[in-house]
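In: I would like to see how this sequence folds:
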Amino acid sequence: MEKCEKRLEKSLEKISEVLENARQLLTFSEKDIEILKIRKDLLKSWSDEIIEDFYDNLLKSKKAREIIEKNNINLIKLKQANKEWYEQIVSGNVDEKFFKYSFYVGLLHIYYGVDNHLMILMADVLRRKFLKLCLETFDEEEAFEVYQSFSKIVAAFVGMTVEGYVFMLTEALMDILGMKPKLVDRLLKMELKQAIQYFRKNLI
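Out: All right, here's what the predicted structure looks like:
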């Protein structure tokens, strides 16, 4: 338990790093939060439609259905949790706690066996549905302004979730195997070097 707590403390550095990159690379700022916040009542009215569309698409995946069934996940509760998450974004409640939660989602994905590619693809499904509703509701300029603000937050959330997944999986395995980070890094690079050489020779 103590090792786990130390890993989680270390993870806070990753959260800060991803958030800083989001500010620099996506030009994410308080302005984006405000753009959504002043339209929150309208954007929240889309909640049910967006979540139903999200799960209609997600359940097309055999892997997603198997995860839900195998773990006896209550789909109604899952939809409600995602609805609350969406409404938190469009209400402008995007703070450090929100991004810590995204790291936590990465841990849940490891636990339940959710592949990162599935989460990344579904984030795009969510963004496209949001864009569609924006274009149907606002003039083009305003639609893209609102969409961009929403998209930046979702992108940052996805980045945090992936980091949570990779960071905790790597750290936990190092502890289990009793290996030092430098040794793991060296062994990984050796394996990657062979994989890269194979791809260059046979697949590219």
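In: low pLDDT regions in the protein?
Out: Applying pLDDT under 70 to the chain picks out residues 1-12, 164-179, 181, 183-185, 187-188, 192, 204.
In: how about the helices in it?
Out: 2-25, 30-37, 40-44, 47-58, 62-70, 75-90, 96-112, 116-137, 140-177, 181-202 (DSSP state H).
In: With respect to burial, which of those scores highest?
Out: A comparison of the helices of the chain by mean neighbour count, using mean count of other Cβ atoms under 10 Å, puts helix 140-177 on top with a mean of 18. No exception for glycine: its C-beta is placed from N, CA and C like everyone else's.
In: show me the contacts for the closest residue to residue 122 other than its chain neighbours.
Out: Sequence neighbours aside, residue 58 is the residue nearest to residue 122 in space, at 5.7 Å (criterion: Cβ to Cβ, 6 or more residues apart in numbering). Going by Cβ atoms under 8 Å, 6 or more residues apart in numbering, residue 58 touches 64, 122, 125.
In: quick one: contacts for the residue nearest the centre of the chain?
Out: Nearest residue to the geometric centre of the chain (Cα atoms, centre = their mean): residue 158, 2.3 Å. Each residue near residue 158 by Cβ under 8 Å, 6+ apart is listed here: 102, 119-120, 123.
In: From residue 27, how far out is it?
Out: 17 Å (Cβ to Cβ, to the nearest Å).
In: for residue 122, same thing?
Out: For residue 122, the distance to residue 27 - Cβ to Cβ - is 24 Å.
In: Equivalent analysis for residue 67, please.
Out: Counting by Cβ to Cβ, the gap from residue 67 to residue 27 is 35 Å.
In: Residue 21 now?
Out: 11 Å.
In: again with residue 57
Out: Using Cβ to Cβ, residue 57 is found at 29 Å from residue 27.
In: Can you name the residues that contact the closest residue to residue 32 other than its chain neighbours?
Out: Distances taken as Cβ to Cβ, 6+ apart place residue 149 nearest to residue 32, at 3.8 Å, with adjacent residues excluded. With contact set as Cβ under 8 Å, 6+ apart, residue 149 has these partners: 31-33, 35-36.
In: now, among the residues you listed, which is nearest to residue 96?
Out: Within these, proximity to residue 96 (Cβ to Cβ) peaks at residue 33, which comes in at 12.8 Å.
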